[in-house]
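Colleague: Need a 3D model of the sequence below.
(chains A and B)
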Amino acid sequence: MDFQKSILEIRQRNIIMIGIGALIAFFVALVWPFTPSIEQPIQYNHQKHIQAGLECSTCHTLYENSAFAGLPQLDTCSTCHQEPLTESREEAKLLALIQQAKPLEWKQINRVPDHVYFSHRTHTVDREIGCATCHGPMEERTSPPTKPFFKWTMDACINCHEQRSATVDCNGCHR
Amino acid sequence: MARWGMVIDLDKCTACQACVVACQVENNVPFNKPEEAEKGRNIFWIKLVPFEEGRFPEAKVRFLPLPCMHCDEPPCVEVCPVDATNITPEGIVRQIFARCIGCRYCTTACPYTVRYFNWYPPDFPAPMQEAHNPDVSVRPKGVVEKCTLCHHRLQKARANAIAENRPLLPGEYTPACVESCPPKAMVFGDLDDPNSEVAQLARSPRAFRLLEELGTKPKVIYLAEGERSATTTG
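Modeller: Numbers count the residues shown, from 1 in each chain, chains lettered A, B, ... in the order given. Predicted structure coming up:
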């Protein structure tokens, strides 16, 4: 009888343990998608800057005349942010970086594979495709994006190229 | 539309191999271990092939720079099962590395043996990794690679032309080997433009193509050395 009792006890304990485990897993699954996977040095607010009258090209200085868009460096920020303009904690971080002369290490989110040639100038200036086509509504963002808006797959590229009767020659993009 | 081709004047070629080095650097062509090189597994998008002629004391060595011929009727394209290699409207026989499955039919089909298989993952010494050409992808293990006529340079030249709203100018797109040739033995340009230097040289009586009898119609044209040319030997 004692033996049967002990088995029952073990079962009860197991069921409780499994229940607790499932509860923890449930809450982790709830929170997981909202934890930022990519940590940027500053929680840059695109919305505020665009509302203040800045253009994309003010900070992404290269996209109008080269293949790359360019992520801004401290020199670009410090043209406006020499003195604290607001009471923002993120601006304080930026000013600290400027004072310590440390580089701004942005993590690149949108990245085409190495074997693809993509020119920002050709797309935006020569073919007049808006930034939002691939980057989404950046002017509404209050924090840096954590994942690309556009899915960088060949299907997605070809889709757009066919719609706009752009080149679908392999060598147009592959290298 | 242009039809890109190359003329190599064997009379001017000094066999210095500047083209070979320029090509290796331009296209991130990986090195190999000496023991693997002995198995013939080295990769050269352009190589210098020696031909020994005669016996001592009249022995002679002739040299032939050998890039991909960019045939108008390429045998490699015929056999590719996945369309990873095909010919562009401008006559470049291209290789889409990301598409290649590594079956090596093309390396077997090519009569000029200018296609190379990556038997190993690319292995560059530490300082060389920082010196990669960012315009060219580094090919992974298991794909075939070959001369692309530096088509990444065409991509850039064309992007510039589009930005300035004009057609591509002659001389704007030149492969690295042609650019580096010290005695200017290599000439590159549009074979369909009758006034281009390359088209004029291609009409020269000294002009010949490698293994012409196979019907591959190569777009790399050699100019024979003086004493062997049609003008002197009749």
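
Colleague: for the most centrally placed residue in chain B, what are its contacts?
Modeller: In chain B, the C-alpha nearest the mean C-alpha coordinate belongs to residue B:67, at 2.9 Å (C-alpha atoms, centre = their mean). Taking C-beta atoms under 8 Å, 6 or more residues apart in numbering or on different chains as the criterion, residue B:67 is in contact with B:6, B:23, B:45-46, B:114, B:147, B:177, B:220. No exception for glycine: its C-beta is placed from N, CA and C like everyone else's.

Colleague: try 7 Å
Modeller: Contacts for residue B:67 (C-beta atoms under 7 Å, 6 or more residues apart in numbering or on different chains) come out as B:45-46, B:114, B:147, B:177, B:220.

Colleague: ok, longest helix in chain A?
Modeller: When chain A is scanned for its longest helix (criterion: DSSP state H), the result is helix A:2-31.

Colleague: show me where pLDDT drops low in chain A?
Modeller: Low-confidence segments of chain A, defined by pLDDT under 70, are located at A:1-3, A:33-36.

Colleague: which residue ranges form the helices in it?
Modeller: Secondary structure of chain A by DSSP H: the helices cover A:2-31, A:46-51, A:56-59, A:74-78, A:89-100, A:120, A:132-135, A:154-163, A:170-173.

Colleague: got a list of contacts for the following helix or strand past the fifth one?
Modeller: So the one you mean is helix A:89-100. Beyond helix A:89-100 in the direction of the C-terminus, DSSP states H and E gives the next helix or strand as helix A:120. Residues outside helix A:120 that contact it (C-beta under 7 Å, 6+ apart) are A:63, A:66-69.

Colleague: what kind of secondary structure is residue B:102 in?
Modeller: Classification of residue B:102 into helix, strand or coil gives coil, according to DSSP: H, G, I helix; E, B strand; the rest coil.

Colleague: what residues are up against residue 119?
Modeller: Assuming you mean chain A. Going by C-beta under 7 Å, 6+ apart, the list of residues near residue A:119 reads A:67, B:159.

Colleague: switch to chain B, that's the one I care about
Modeller: By C-beta under 7 Å, 6+ apart, the contact set of residue B:119 is residue B:41.

Colleague: Now stretch B:176-190: average pLDDT?
Modeller: Per-residue confidence for stretch B:176-190 averages out to 95 on the pLDDT scale.

Colleague: which residues sit in contact with whichever residue of chain B sits closest to chain A?
Modeller: In chain B, no residue comes nearer to chain A than residue B:137, which is 3.7 Å away by C-beta to the nearest C-beta. Residues in contact with residue B:137, defined by C-beta under 7 Å, 6+ apart, are A:114-115, A:175, B:97.

Colleague: and the helix ranked longest in chain B, what does it pack onto?
Modeller: Longest helix in chain B by number of residues (criterion: DSSP H): helix B:151-163. Helix B:151-163 sits against no helix or strand, with contacts defined as 3 or more C-beta pairs under 7 Å, 6 or more residues apart in numbering or on different chains; DSSP states H and E.

Colleague: what's the spacing between that helix and its chain's center?
Modeller: The chain centroid and the centroid of helix B:151-163 are separated by 19 Å under C-alpha atoms, centre = their mean, to the nearest Å.

Colleague: before we move on, what about stretch A:90-110?
Modeller: Taking C-alpha atoms, centre = their mean, one finds the center of stretch A:90-110 at 16 Å from the center of the full chain.

Colleague: can you give me the end-to-end distance of that stretch?
Modeller: 23 Å (C-alpha to C-alpha, to the nearest Å).
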